[in-house]
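Asker: please find the sequence and the predicted model below.
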Amino acid sequence: MLVLSAVVTGLALVIAWVSRTAVLITVHGKSMKPTLHSGDHVLVRRGVLPKRGQLVVVEQPSQRGEAWLCEPAGLGCRREPLSNRRWLIKRVAAVAGDPVLPGQLGDQDVTDRRVPEGHFILLGDNARVSLDSRQIGFFPDSR
């Protein structure tokens, strides 16, 4: 009985740890085709600083004219519940200090040809339908 109790306790601790460090995301849309398809499920680790080439889930900028729904960023934002926010899954094309390559920011005029500190360039694999850095510009790493 003691062994069963230890196994159940251990399993509960693992489940609690995973639920605090990971989120299961369902993909909607075509912006990451052919890598991901609508309906695919992705397990996302929270709080990990991504590297070039990795996939990330980020908050989509507001459609209300504000740059972002919540300031400062984070799960404790009181202005907009997590369930009301829109999320994007994209690939990290460039990190802070990397050069900005032609086309990564669409036709936006960029004075500094390097990704600024605390920002990323994020691109969808399906450029034709993706909302990403080509339209939005740099994504802050706080998102």
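Answerer: That came in fine, so what should we check first? Bear in mind that the values here come from a model prediction, so they are computed numbers and not experimental data.
Asker: wait, isn't S38 in contact with S31?
Answerer: No - using Cβ atoms under 8 Å, S38 makes no contact with S31, being 9.7 Å away. All C-beta atoms are positioned from the backbone trio N, CA, C, and that covers glycine.
Asker: more neighbours, these two?
Answerer: More neighbours surround S31 than the other of S38 and S31, with 22 against 12 (other Cβ atoms under 10 Å).
Asker: hmm, that one is touching R128, no?
Answerer: No - using Cβ under 8 Å, S31 is not in contact with R128; the gap is 9.0 Å.
Asker: okay, now the unreliable bits of the chain?
Answerer: For the chain, the stretches with pLDDT under 70 are 1-4, 6-8, 10-20, 62-85.
Asker: so how far is F120 from the residue nearest the centre of the chain?
Answerer: By Cα atoms, centre = their mean, the chain has its centre lying nearest to V57, at 2.0 Å. Separation of V57 from F120 (Cβ to Cβ, to the nearest Å): 12 Å.
Asker: repeat for R91
Answerer: Taking Cβ to Cβ, one finds R91 at 10 Å from F120.
Asker: so what sits against both of these two?
Answerer: Common neighbours of R91 and F120, using Cβ atoms under 8 Å, 6 or more residues apart in numbering, are V56.
Asker: and these two? which has more neighbours close in?
Answerer: The residue with more neighbours, out of R91 and F120, is F120; 25 against 19, by other Cβ under 10 Å.
Asker: so how far is P61 from the more buried one?
Answerer: 14 Å.
Asker: now the end-to-end length of stretch 110-118.
Answerer: End-to-end distance for stretch 110-118, by Cα to Cα, to the nearest Å: 16 Å.
Asker: buried sites along it?
Answerer: Applying a neighbour-count criterion of 16 or more other Cβ atoms under 10 Å, one finds V115 buried in stretch 110-118.
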